[in-house]
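**Student:** Predicted coordinates and the sequence they were generated for:
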Amino acid sequence: MHWLRKLSSLEKKELLKGGNNNHSDEMLRIKRIVPAYSDKIHISPLAEFFLRLSLSSGETNVVYIPITNQEDYEIAKKELAIHFQDVKVAYCDNTIKQLILQYIREETLQYLNKININKEEPDIITELFMLSDSNPIPQTNDVNIYETMHKDSINVERFKFLDDSFVFISSCYKNQDFLFTPSGWSLSDNLKDSNALSFLEHHSRRSFLWTNNDNQILYIHLKF
């Protein structure tokens, strides 16, 4: 597969060493907040991305959103926090570092199902999280990492509705890498034609695929 480059053991170590600044060495103060809930449900493309991501990992999954500036915090509160029952903010020295989200609201789950029914064709979010069942992948320490090497052109206008979402994501994750697990993906040449993978490449500096020895994709790994 000429569009992929397999990382050497040394390159994997370097990638993992420099990948995350997750505030593990900082003393964080956690405060629960109550978002401005509304009876009228609206799910933005950004919210749908993180909701589908959360659901693919299980109903009790916790979503951590790194916060790097006040504007991102306001967006996260307005578009993401309103869909979760349990919302916390992590502070360090009175500076907001993370928004912590858990337990999707029942009203939001019902609305998500309506969105799915009304979609005329699969979009990028569907391709990432909904085209196949998300069965648990066996844990393994034997991981292969491939860097994607093709920047095939895609119809950017067609997926423009997600651009603002990835401006937000790239801002939040500019100091740490963004890793997430797509549902039911396996490594094959078919991925070369994936709209979702091409879109993610378009919006990141570098992108990687983590696989086990059965070629199941464990993570999509983005550097912004």
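**Tutor:** Done, it's in.
**Student:** most distant residue from the middle of this protein?
**Tutor:** Ranked by distance from the centre of the chain (C-alpha atoms, centre = their mean), the top residue is Asp93, with 27.3 Å.
**Student:** any idea of the pLDDT on it?
**Tutor:** Listed pLDDT for Asp93 reads 91.
**Student:** Centroid-nearest residue for this structure?
**Tutor:** Phe180 (5.1 Å).
**Student:** Quick check: that one touching Tyr219?
**Tutor:** Yes: using C-beta atoms under 8 Å, Phe180 is in contact with Tyr219, at 6.6 Å. The way it works is simple: take the backbone N, C-alpha and C, and place the C-beta from them, glycine included.
**Student:** all strands for the protein, in order.
**Tutor:** For the chain, the strands defined by DSSP state E occupy 4-6, 29-32, 62-66, 84-92, 95-104, 144-148, 178-180, 206-211, 217-223.
**Student:** could you dump the fourth one to CSV, C-alpha only?
**Tutor:** By that I understand strand 84-92. C-alpha atoms of strand 84-92 as CSV (Å, rounded to 0.1, in the frame of the first residue of the first chain):
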residue,chain,number,x,y,z
PHE,A,84,-24.5,15.8,28.6
GLN,A,85,-26.0,15.3,32.0
ASP,A,86,-22.7,15.5,33.9
VAL,A,87,-20.5,18.4,33.0
LYS,A,88,-17.3,19.4,34.8
VAL,A,89,-14.6,22.0,34.3
ALA,A,90,-11.0,21.3,35.3
TYR,A,91,-8.9,24.3,36.4
CYS,A,92,-5.3,24.9,37.1
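**Student:** Check which residues of that strand are buried.
**Tutor:** Phe84, Val87, Lys88, Val89, Ala90, Tyr91 (16 or more other C-beta atoms under 10 Å).
**Student:** relative to strand 95-104, how tilted is it?
**Tutor:** If you take axes from the mean of the first three to the mean of the last three C-alpha atoms, to 10 degrees, strand 84-92 sits at 160 degrees to strand 95-104.
**Student:** From the contact counts, what lies against the helix or strand bottoming out on mean pLDDT in the chain?
**Tutor:** Every helix and strand of the chain was ranked by mean pLDDT, DSSP states H and E. The lowest is helix 106-118, at a mean of 87. Applying 3 or more C-beta pairs under 8 Å, 6 or more residues apart in numbering; DSSP states H and E, one finds that helix 106-118 makes contact with helix 45-56.
**Student:** what comes up buried for the helix it packs on?
**Tutor:** Buried, per 16+ other C-beta under 10 Å, within helix 45-56: Pro45, Leu46, Ala47, Glu48, Phe49, Phe50, Leu51, Arg52, Leu53, Ser54, Leu55, Ser56.
**Student:** Could you dump those residues into TSV with distance to Glu107 added?
**Tutor:** Shown next, in TSV, are the buried residues of helix 45-56 (distance: C-beta to C-beta, whole Å):
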residue	distance to Glu107
Pro45	19
Leu46	18
Ala47	13
Glu48	15
Phe49	19
Phe50	16
Leu51	12
Arg52	16
Leu53	19
Ser54	15
Leu55	15
Ser56	20
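**Student:** least confident pick among these?
**Tutor:** For those, the pLDDT minimum is Ser56, 87.
**Student:** so who does that residue touch?
**Tutor:** Counting by C-beta atoms under 8 Å, 6 or more residues apart in numbering, Ser56 touches Phe129, Ser134, Thr181, Pro182, Ser183.
**Student:** Please tabulate those in CSV, including the columns pLDDT and distance to Leu197.
**Tutor:** CSV is the format used below for those (pLDDT from 0 to 100; distance: C-beta to C-beta, whole Å):
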residue, pLDDT, distance to Leu197
Phe129, 91, 13
Ser134, 57, 18
Thr181, 93, 14
Pro182, 94, 9
Ser183, 92, 14
